[in-house]
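Asks: got a structure for you, letters missing:
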């Protein structure tokens with residue numbers, strides 16, 4: 001992955017841990033200057049910055065709640081002050097607030113939609129403005145800009161007791177496709193990554209014990225739980241010119257979870 005993204009500036013939202021951290025480190029290893037966004041505590045983001053720098057890369061940490069427009073605008077201002085522009089946006093910030101449908105509060109519904117969907121809209125809108133202003137810079141990339149939205153297998157797989165999360169990811173799918181359709185003539189590429197089960201802090205209970213992991217593996221034909229580095233590799237590919245003719249699609253990185261393994265023996 002060395003130098004595929006040399007001299008490009010990448011913003012990764014929600015990058016202080018888990019998938020976001022893995023993506024930020026991978027982009028840094030590929031040569032990008034990385035803006036590591038975090039919502040609250042800087043400790044995790046600072047650790048990600050240190051790891052990128054230890055690998056010979058360049059990175060800064062910037063705080064912002066991506067569901068808040070004024071904070072997103074400030075995030076972009078700080079990025080431009082440091083690096084002048086943006087070439088790659090990875091819309092990763094997301095959360096879960098799970099409950100049975102009839103017990104889900106409006107506050108928990110709204111919070112998940114605000115972060116997981118509205119946050120992606122706000123960041124993508126600001127990135128697209130810069131891509132349109134600047135256009136293609138041939139020595140950097142064949143594309144004017146790349147937007148990678150972090151979706152989920154649950155953009156297509158319903159998930160009981162996670163109505164807000166599944167709805168947000170279904171929304172991300174059509175947001176991505178609509179942006180891709182509108183922005184493609186300007187050589188701006190927009191795609192989703194749809195992770196399956198990945199070992200991150202958000203889902204520790206699903207894999208922390210051998211028994212829990214064995215149960216989870218029943219949903220994964222490839223027979224292992226994914227790691228943040230798996231998503232990082234996919235993000236580097238989608239951000240690079242290796243995928244220059246790819247836009248408006250979801251790349252599922254899920255070990256086959258979207259193959260509906262319950263039907264492997266006839267259903």
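Replies: Good, I have the coordinates. A quick note: this is a predicted structure, and the numbers were derived from the prediction, not measured.

Asks: what secondary structure does residue 204 sit in?
Replies: Using DSSP: H, G, I helix; E, B strand; the rest coil, the structure places residue 204 in helix.

Asks: Same question for residue 237.
Replies: Under three-state DSSP, the three-state class of residue 237 is helix.

Asks: With residue 192 instead?
Replies: Recorded secondary structure, residue 192: strand (three-state DSSP).

Asks: where along the stretch 151-267 of the chain do the strands fall?
Replies: Using DSSP state E, counting those that start in this stretch, the strands assigned to the stretch 151-267 of the chain run over residues 188-195, 250-253.

Asks: Low-confidence ranges, the stretch 101-250 of the chain, go.
Replies: By pLDDT under 70, the stretch 101-250 of the chain contains no weakly predicted segment.

Asks: 80 instead, please
Replies: Along the stretch 101-250 of the chain, segments meeting pLDDT under 80 span 202.

Asks: for the nearest residue to residue 43 once chain neighbours are set aside, what are its contacts?
Replies: Residue nearest to residue 43 in three dimensions, not counting chain neighbours: residue 16, with 7.7 Å by Cβ to Cβ, 6 or more residues apart in numbering. (C-beta placed from N, C-alpha, C; glycine too.) Shown in contact with residue 16 (Cβ atoms under 8 Å, 6 or more residues apart in numbering): 36, 37, 38, 39, 41, 42, 43, 44, 45, 47, 48, 61.

Asks: what's the neighbour count on residue 187?
Replies: When neighbours are defined as other Cβ atoms under 10 Å, residue 187 has 17 of them.

Asks: Surely it is in contact with residue 143?
Replies: Yes - the pair residue 187 / residue 143 is scored as a contact, 5.2 Å apart, by Cβ atoms under 8 Å.

Asks: between the strands of the stretch 151-267 of the chain, which gets nearest to residue 262?
Replies: The closest of the strands of the stretch 151-267 of the chain to residue 262 is strand 250-253. By Cβ to Cβ, the value is 17.0 Å.

Asks: who does the closest one pair up with?
Replies: Strand 250-253 pairs in its sheet with strand 188-195 (parallel), by DSSP bridges.

Asks: buried set for the strand it pairs with?
Replies: Under the neighbour-count criterion of 16 or more other Cβ atoms under 10 Å, strand 188-195 has 188, 189, 190, 191, 192, 193, 194, 195 buried.

Asks: The last one contacts residue 155, doesn't it?
Replies: This means residue 195. No - Residue 195 lies out of contact with residue 155 (Cβ under 8 Å); the separation is 10.6 Å.

Asks: want to throw the buried residues of strand 188-195 into JSON lines with distance to residue 130?
Replies: Compiled in JSON lines, these are given as follows (distance: Cβ to Cβ, whole Å):
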{"residue": "188", "distance to residue 130": "10"}
{"residue": "189", "distance to residue 130": "15"}
{"residue": "190", "distance to residue 130": "14"}
{"residue": "191", "distance to residue 130": "18"}
{"residue": "192", "distance to residue 130": "21"}
{"residue": "193", "distance to residue 130": "22"}
{"residue": "194", "distance to residue 130": "26"}
{"residue": "195", "distance to residue 130": "27"}
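
Asks: Out of those, which is nearest to residue 179?
Replies: Using Cβ to Cβ, residue 190 comes nearest to residue 179 of those, at 4.5 Å.

Asks: OK, contacts around the closest residue in space to the closest one that isn't next to it in sequence?
Replies: The shortest distance from residue 190 to any non-neighbouring residue, by Cβ to Cβ, 6+ apart, is to residue 180 (4.0 Å). Neighbour list for residue 180: 189, 190, 191, 247, 248 [criterion: Cβ under 8 Å, 6+ apart].
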